[in-house]
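J.: I would like the atomic coordinates for the input below:
(one chain, ligands or ions: 1)
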Amino acid sequence: MTSHSPVVITDRALLCDRGFIDGVWLAASKTFAVHNPASGVELAQVADFGPTETTAAVAAAAHAQPAWAARTAKDRSAILRRWFELIVAAQDDLAAIMTAEQGKPLAEARGEVLFGAAFIEWFGEEAKRTYGEVIPSPVRGRQLLALRQPVGVVAAITPWNFPNAMITRKAAPALAAGCTFIVKPAPETPLSALALAVLAERAGVPLGVFNVIPTTRASEVGSVLTEHPLVRKFSFTGSTAVGKLLMAQCASTVKRVSLELGGNAPFLVFDDADLDAAVVGALASKFRNAGQTCVCANRFLVQSSVVDSFTRKLAVAVAALTVGDGMTPGVVQGPLISERAVQKVERLVADATAQGARVVCGGARHALGGTFYAPTVLAGVTPAMTIAREEIFGPVVTIIPFADDADAIAMANDTPFGLAAYAYTRDLARAWRVAEALEYGMVGINEGIISTELAPFGGIKESGIGREGARQGIDEYLEIKYVAMGGLGG
Ligand code: NAP
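T.: Model (predicted):
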């Protein structure tokens, strides 16, 4: 355990620097540093696991799985309920750990902790509802049944932008279904993952059911998780490029695969929209986590007749956003995760302005230095610019005018991505038409924040496969077994 870490929390046992396999906290011969992106201060040296530990975790998860699946759904549900309650009780400490290693403002971190916990609550309840079917038989003396059974060992790889919730929304349905689970968190944010393991242990999650592999050796560990024959399901959240690679690796053993990948979310503002509401939605969608979410609006498509007034109103609101260390009260935008992330934003903004985009506010690094970037609005962006085609993953609004509905929908759909889209309009018929026409897995109408554990989250096209959350989320971790039971007489 880290005794000298600068993270100030009440329950110091939540700060772990070892990996967690088969219910044992294990050190490694090598360690890696975790830093606070707001200050650069080192927070911990964490065990750097490799393929050997990963293989051991797979064996432990495979060994634990039959007994976990054999428990009643009610038993598994009760354990998940305890885990949920412990996370809620520890929300302040978990939020402080997250802000320290990830940078998001403390209130946002607490929001993520509760959002993450909600998946454990929801799927703990869903554990009891994995009903099968009895199919009306075509002949007498035979019964046809469809059973739903756990897939088996599940492996997951998760990103740094949601260090808690990207894990719980995979682990909760997996455990609820009777699967066991191994996660490789991002090397920037292993402390949140390890704190979840401490609370899982306290909740009574049995040995080997939930395992955490901290590592900087992503491809070596990833090879084990995607190619090991005992892993039956692989779930990934991260970039589309890495998702494609891992999906190909999973082909060798024909694993079930869920992918939550990148997006290029359009945010449509029509001429009849409530522009003030659209500004509120735009801020929420774009600036949460400093623009570093997969569902952040990436392109603001605004009808020409309202583009100037919307841009003016939005720029006033954006210029007023308080940037700083996420631990400072009142801060709504923290640092970006790394220097590399800032350089990507700089490259995209420079390319756009060189091609004629106009900086309305921001447009450069923030005066705080480090990896802080000023909240930015760029007007006069065109769909051909790289900034409109790549995920920005930073606090930059790009405004692209459109002429009519057909123009807006064509532009919105002109991307290989299909995760989230947003539209603001007060015309009910237009809202419905647009929602149907947008080629996206999720559409927010007059809403900038749409994620909830109650609804199916996921993308189409190159944004992914499968859904997380909602009653559909547990299907990803269940197989359907057909049993034809004959010889019943009659
Ligand atoms: P990333 O580079 O794909 O990394 C995600 C995870 O994959 C990290 O744990 C990373 O570890 C690991 N990884 C990278 N290369 C690997 C390999 N060859 N083998 C095995 N593991 C590998 O993504 P990111 O830039 O950190 O995260 C942001 C991306 O995630 C964005 O594209 C965002 O849209 C997407 N995202 C999607 C959703 C969704 O639900 N659709 C949610 C959140 C984020 P290392 O860092 O050590 O390489």
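J.: what residue ranges in this protein score low on pLDDT?
T.: Low-confidence segments of the chain (pLDDT under 70): 1-4.
J.: any chance you could map the helices in the stretch 201-350 of the chain?
T.: In the stretch 201-350 of the chain, the helices defined using DSSP state H, counting those that start in this stretch lie at 218-227, 240-250, 275-287, 304-319, 339-354.
J.: need the residues of the stretch 101-250 of the chain near the ligand, please.
T.: 157-162, 166, 184, 186-187, 216, 218-219, 222, 237-239, 242, 245-246 (CB under 6 Å from any ligand atom). C-beta: built from backbone N, CA, C; applies to glycine.
J.: got the helices of the stretch 201-350 of the chain as TSV, with mean neighbour count columns?
T.: As requested, those are exported to TSV (neighbours: other CB atoms under 10 Å):
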stretch	mean neighbour count
helix 218-227	19
helix 240-250	17
helix 275-287	21
helix 304-319	17
helix 339-354	16
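J.: want to throw those helices into CSV with distance to residue 468?
T.: Below are the helices of the stretch 201-350 of the chain laid out as CSV (distance: least, CB to CB, whole Å):
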stretch, distance to residue 468
helix 218-227, 18
helix 240-250, 14
helix 275-287, 19
helix 304-319, 30
helix 339-354, 24
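J.: what are the ranges of the helices in the stretch 51-200 of the chain?
T.: Using DSSP H, counting those that start in this stretch, helices in the stretch 51-200 of the chain cover 51-70, 73-89, 91-102, 106-126, 165-177, 190-203.
J.: out of these, which one sits most buried?
T.: Counting by mean count of other CB atoms under 10 Å, helix 165-177 has the highest mean neighbour count of the helices of the stretch 51-200 of the chain, with a mean of 30.
J.: could you tell me the angle between that helix and helix 91-102?
T.: Helix 165-177 runs at 130 degrees relative to helix 91-102, counting by axes from the mean of the first three to the mean of the last three CA atoms, to 10 degrees.
J.: could you count how many residues lie near residue 406?
T.: The tally of other residues near residue 406 (other CB atoms under 10 Å) stands at 10.
J.: mind checking the SS state of it?
T.: Classification of residue 406 using DSSP: H, G, I helix; E, B strand; the rest coil returns helix.
J.: what's the spacing between it and the ligand?
T.: 28 Å (CB to the nearest ligand atom, to the nearest Å).
J.: go on, residue 47?
T.: On the measure of CB to the nearest ligand atom, residue 47 and the ligand end up 14 Å apart.
J.: could you give the bridge partners of that residue?
T.: residue 31 (DSSP bridges).
J.: and for it, the neighbour number?
T.: Residue 47 has 24 nearby residues by other CB under 10 Å.
J.: quick check: the gap between it and residue 185.
T.: Look at residue 47 and residue 185: by CB to CB, to the nearest Å, they are 12 Å apart.
J.: what sits in contact with each of the two?
T.: residue 214 (CB atoms under 8 Å, 6 or more residues apart in numbering).
J.: in TSV: the helices of the stretch 51-200 of the chain, plus distance to residue 327.
T.: What follows is the helices of the stretch 51-200 of the chain, written out as TSV (distance: least, CB to CB, whole Å):
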stretch	distance to residue 327
helix 51-70	33
helix 73-89	20
helix 91-102	6
helix 106-126	6
helix 165-177	20
helix 190-203	15
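J.: among the ones you listed, which is nearest residue 302?
T.: Evaluated over those, closeness to residue 302 peaks at helix 106-126, with 26.5 Å, by CB to CB.
J.: tell me the angle that closest one makes with helix 165-177.
T.: Helix 106-126 and helix 165-177 meet at an angle of 10 degrees, taking the same axes, to 10 degrees as the criterion.
J.: show me what the helix or strand where residue 435 lies is packed against.
T.: Residue 435 belongs to helix 428-437 when assigned by DSSP states H and E. Applying 3 or more CB pairs under 8 Å, 6 or more residues apart in numbering; DSSP states H and E, we find helix 428-437 packed against helix 405-413, strand 420-424, strand 442-445.
J.: mind checking what helix or strand follows the shortest one in sequence?
T.: Taking DSSP H and E as the definition, the helix or strand that follows strand 442-445 towards the C-terminus is strand 460-461.
J.: the next helix or strand after that next one - contacts with which helices or strands?
T.: Downstream of strand 460-461, the next assigned helix or strand under DSSP H and E is strand 464-465. Counting contacts by 3+ CB pairs under 8 Å, 6+ apart, strand 464-465 packs against strand 256-260.
J.: would you say residue 377 is within a strand?
T.: Yes: with three-state DSSP as the criterion, residue 377 is part of a strand.
J.: surely it meets residue 312?
T.: No: because the distance of 9.7 Å does not satisfy CB atoms under 8 Å, residue 377 is recorded as not touching residue 312.
J.: list the residues that contact the nearest residue in space to residue 395 that is not next to it in sequence.
T.: Among residues not flanking residue 395 along the chain, residue 291 sits closest, at 4.2 Å (CB to CB, 6 or more residues apart in numbering). Residue 291 makes contact with 392-396, according to CB under 8 Å, 6+ apart.
J.: so who does the residue nearest to the spatial centre of the chain touch?
T.: The centroid of the chain falls nearest to residue 166 when counting by CA atoms, centre = their mean (4.2 Å). Contacts of residue 166 were listed using CB under 8 Å, 6+ apart, and they are 158-159, 237, 260.
J.: separation between residue 232 and residue 184?
T.: Distance, residue 232 to residue 184, using CB to CB: 17 Å.
J.: look at the two and report which has more neighbours.
T.: Neighbour count, other CB under 10 Å: between residue 232 and residue 184, residue 184 has more, with 27 against 21.
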